[in-house]
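Undergrad: how would this look folded up:
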Amino acid sequence: MSSIKYIGRTTDFKGKTLWEIVGNLKNFGVGRVVVRSMFERYPEPSFMRIVKVEALPNEETRKVKITVEKTFRGRKFPKLVEINSVSYKADYRLLHKHEEQGYCRTLEQEEKIIPREIDMPPLLRDFIAKETGKSNPKLEIRIKPGHNNVYRLAKEGESPNVELSMGIGKPASPSLYANCDI
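TA: Sure thing, here's the model as predicted:
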């Protein structure tokens, strides 16, 4: 009885590469919709409508340069996006034409505004309070800039619409924390 032993890194990818998808389509799939399986974990739809396809010179890597209208988590990007560095990943699937209508809906989302500061974790708060003498020090929030952000920091004097809190969450055994001051 032989057993199979897998060697190497595993991936979470499922699907085909963009090279395989557009190579089998009429007009290289211009106008068709492609979905990246990694983005299907979000409740909002994420998809790309192909606008232009170009082959890259090194055929061994099987990469293509594809210009797309990208929609990420229900928000359509204002500019066209070029995909070439991740086109080799076997993580794409082509939507059938009859699926496109229902799947490709963009949402008018309420802008999520988060507070500029948040309470510190309890132990760090106590340590900083002893060091600085401030009774309730706050932790300043910074958001890494990017075109996929769905949040933004509240401006001066603006009230946030997302509540963030620092705490331990719901403990597995609440009796252990019954006499704690957290």
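
Undergrad: residues contacting the residue nearest to Glu140 when sequence neighbours are not counted?
TA: Excluding the flanking residues, the one nearest Glu140 by Cβ to Cβ, 6 or more residues apart in numbering is Glu117, at 5.6 Å. Glycine gets a C-beta too; all of them are placed from N, C-alpha and C. Glu117 is in contact with Lys138, Leu139, Glu140, Ile141, counting by Cβ atoms under 8 Å, 6 or more residues apart in numbering.

Undergrad: secondary structure added to the residues you listed, as TSV?
TA: Listed next are these as TSV, based on DSSP: H, G, I helix; E, B strand; the rest coil:
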residue	secondary structure
Lys138	strand
Leu139	strand
Glu140	strand
Ile141	coil
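
Undergrad: can I get those in CSV with neighbour count and pLDDT?
TA: Below are those laid out as CSV (neighbours: other Cβ atoms under 10 Å; pLDDT from 0 to 100):
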residue, neighbour count, pLDDT
Lys138, 15, 87
Leu139, 14, 86
Glu140, 8, 88
Ile141, 14, 86
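
Undergrad: now, among those, which is nearest to Ile21?
TA: Ile141 (39.7 Å; Cβ to Cβ).

Undergrad: do a quick rundown of the strands in this protein.
TA: 33-36, 47-55, 64-72, 75-76, 81-83, 92-94, 112-114, 117-119, 138-140, 151-153 (DSSP state E).

Undergrad: mind putting those into TSV with distance to Tyr177?
TA: As requested, the strands of the chain are arranged in TSV below (distance: least, Cβ to Cβ, whole Å):
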stretch	distance to Tyr177
strand 33-36	41
strand 47-55	44
strand 64-72	39
strand 75-76	40
strand 81-83	47
strand 92-94	46
strand 112-114	27
strand 117-119	17
strand 138-140	22
strand 151-153	30
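
Undergrad: how does the chain divide up, domain by domain?
TA: Here the domain parsing of the chain from automatic domain parsing is 18-103, 112-165.

Undergrad: and which of the contacts of Glu117 is nearest to Phe47?
TA: Lowest distance from Phe47 to those (Cβ to Cβ) belongs to Ile141, with 30.5 Å.

Undergrad: what does the closest one show for phi and psi?
TA: For Ile141, the backbone dihedrals (degrees, to the nearest 10) come out as phi -90, psi 140.

Undergrad: please identify the most buried of the domains of the chain.
TA: domain 18-103 (a mean of 15; mean count of other Cβ atoms under 10 Å).

Undergrad: report the mean per-residue pLDDT for that one.
TA: Averaging pLDDT along domain 18-103 gives 87.

Undergrad: over to stretch 164-176?
TA: If you average the pLDDT over stretch 164-176, you get 74.

Undergrad: check contacts around Ser85.
TA: Listed by Cβ under 8 Å, 6+ apart, the contact partners of Ser85 are Lys63.
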